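Visitor: no letters, just coordinates:
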């Protein structure tokens, strides 16, 4: 086991800013006790969280491992586990974790862990990595290089399996995901890292335009008549149309669509993955906005509408179904207004609302490379 001179194994969680740092800080509160309990032999662990953009300017795992090694040597840490919310690739596969038992290093990519119970999965992955790097595997059980890690990495129902390691790499154990299930897992993890629910409050001008459009449309008699004349299938079509328009407008206007400057198969696969995560991130954000508009419009209609005026205009009494239909239709109209209002937002504001900090930096770097 790697142990410092004071008899305590110093573990550094080197985390990218934003979500990885938050995850690392939460797990650091309970990690020392859990590691000590699992390791036995009265061992003690001191867990430190260091937040810094160690992935800035590159997505190459060997380069990142060299950075982690240099950082660990500078601070004299016993074990370094680096966490990032960027999807990493190695030999055409999506990387889950790289480990170097010789140097006490681990590089963990969070998206392949999926979007559900991410905190728990990340904690278990870090625990497995630290215990492996600390030398918990005895010769009778097999060497760290030959014995796969257990827990969150490998299982019958997971698409995670050992990956290829180059001869010149410092890594001695690698886990990757592959296949449709692995692709879906990474995609969901990328969307989770982007936090799509932050899209609505992040687009203040678009939200203001949508709310203003909804407020005016709710008291417009022409809108009342249109809402009463529309059947449910047409309302559904209006919903899909307005949501698709908003998604498309945000992606095109803010230039969120990724175009690879390389012509390799791996670059094409990356581009599809990034664009799929963009569509899902923006789509979830717009759907949250749409549902919120329905609720706000319904409350506004309950407060402002007069049943006698509505009945004299439309010929229908103002009951619960009329409130619902009107609020539903107005939400579609307001979403279109929000799409137009999003044109007042800067591209940087939209990217900040749609992506994590690491993803924003990655896209800035790709744009600079394309410009060169």
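Guide: Okay, I see it. Because the structure is predicted, anything quoted here is derived from the model rather than measured.
Visitor: can you count the residues close to the nearest residue to residue 121 once chain neighbours are set aside?
Guide: Of all residues not flanking residue 121 in the chain, residue 113 sits nearest, at 4.4 Å (CB to CB, 6 or more residues apart in numbering). C-beta here means a position set from N, CA and C on the backbone, and glycine is covered the same way. For residue 113, the number of neighbouring residues by other CB atoms under 10 Å comes to 28.
Visitor: go on, residue 232?
Guide: So residue 232, with other CB under 10 Å, has 9 neighbours.
Visitor: now it: how far from residue 310?
Guide: 20 Å (CB to CB, to the nearest Å).
Visitor: residue 47 now?
Guide: On the measure of CB to CB, residue 47 and residue 310 end up 63 Å apart.
Visitor: more neighbours, those two?
Guide: residue 47 (23 against 20).
Visitor: show me which residues of the helix or strand harbouring residue 274 are buried.
Guide: Secondary structure assignment for residue 274, by DSSP states H and E: helix 265-304. For helix 265-304, burial by neighbour count (16 or more other CB atoms under 10 Å) applies to 270-271, 273-278, 280-287, 289-290, 293-294, 296-298, 300-301.
Visitor: again, but for stretch 187-197
Guide: 187, 188, 189, 190, 191, 192, 193, 194, 195, 196.
Visitor: repeat that for stretch 73-82.
Guide: 77, 78, 79, 80, 81, 82.
Visitor: now do the same end-to-end measure for that stretch.
Guide: 14 Å (CA to CA, to the nearest Å).
Visitor: the strands in the stretch 51-200 of the chain, which residues?
Guide: 79-84, 89-90, 93-100, 105-109, 160-162, 173-177 (DSSP state E, counting those that start in this stretch).
Visitor: which residues touch stretch 208-217?
Guide: 223, 289, 293, 296-297, 300, 330-331, 333-338, 340-342, 344 (CB atoms under 8 Å, 6 or more residues apart in numbering).
Visitor: let me know the pLDDT of the residue sitting nearest the centre point of the chain.
Guide: Closest to where the C-alpha atoms of the chain average out (CA atoms, centre = their mean) is residue 193, at 1.8 Å. If you check residue 193, the pLDDT there is 79.
Visitor: and for residue 305?
Guide: The per-residue pLDDT reported for residue 305 equals 90.
Visitor: contacts only, for it.
Guide: Counting by CB under 8 Å, 6+ apart, residue 305 makes contact with 218, 219, 318, 323.
Visitor: who wins on neighbours among the residues you listed?
Guide: residue 218 leads these on contacts (other CB under 10 Å) with 24 neighbours.
Visitor: check whether that one really touches residue 297, as I assumed.
Guide: Yes. Using CB atoms under 8 Å, residue 218 is in contact with residue 297, at 5.8 Å.
Visitor: relative to residue 163, how far out is residue 66?
Guide: Counting by CB to CB, the gap from residue 66 to residue 163 is 19 Å.
Visitor: these two: which is more packed in?
Guide: Neighbour comparison, residue 66 and residue 163: the larger count goes to residue 163, with 21 against 14 (by other CB under 10 Å).
Visitor: could you pull up phi and psi at that one?
Guide: phi -110, psi 170 (degrees, to the nearest 10).
Visitor: okay, how far is it across stretch 8-24, tip to tip?
Guide: So stretch 8-24: terminal residues 20 Å apart, CA to CA.
Visitor: quick one: buried residues of the one helix or strand residue 331 maps to?
Guide: With elements taken from DSSP H and E, the one containing residue 331 is helix 320-341. Neighbour-count burial for helix 320-341 flags 322-323, 325-339, 341 (criterion: 16+ other CB under 10 Å).
Visitor: any low-confidence regions in the stretch 201-350 of the chain?
Guide: Scanning the stretch 201-350 of the chain for pLDDT under 70 picks out 260-264, 266, 343-350.
Visitor: and whatever residue is furthest in space from the centre of the chain, how far from residue 222?
Guide: In the chain, counting by CA atoms, centre = their mean, residue 312 sits farthest out from the average C-alpha position, at 50.3 Å. To residue 222, residue 312 is 15 Å away according to CB to CB.
Visitor: before we move on, what about residue 55?
Guide: From residue 55 to residue 222 the distance is 53 Å (CB to CB).
Visitor: again, but for residue 324
Guide: Residue 324 is 19 Å from residue 222, by CB to CB.
Visitor: same deal with residue 97?
Guide: Relative to residue 222, and taking CB to CB, residue 97 is found at 59 Å.
Visitor: these two: which has the busier surroundings?
Guide: residue 97 (27 against 9).
Visitor: for the more buried one, what are its contacts?
Guide: The contact partners of residue 97, by CB under 8 Å, 6+ apart, come to 106, 107, 108, 109, 125, 129, 153, 174, 175.
Visitor: from these, which one has the minimum pLDDT?
Guide: Within these, lowest confidence goes to residue 153 (53).
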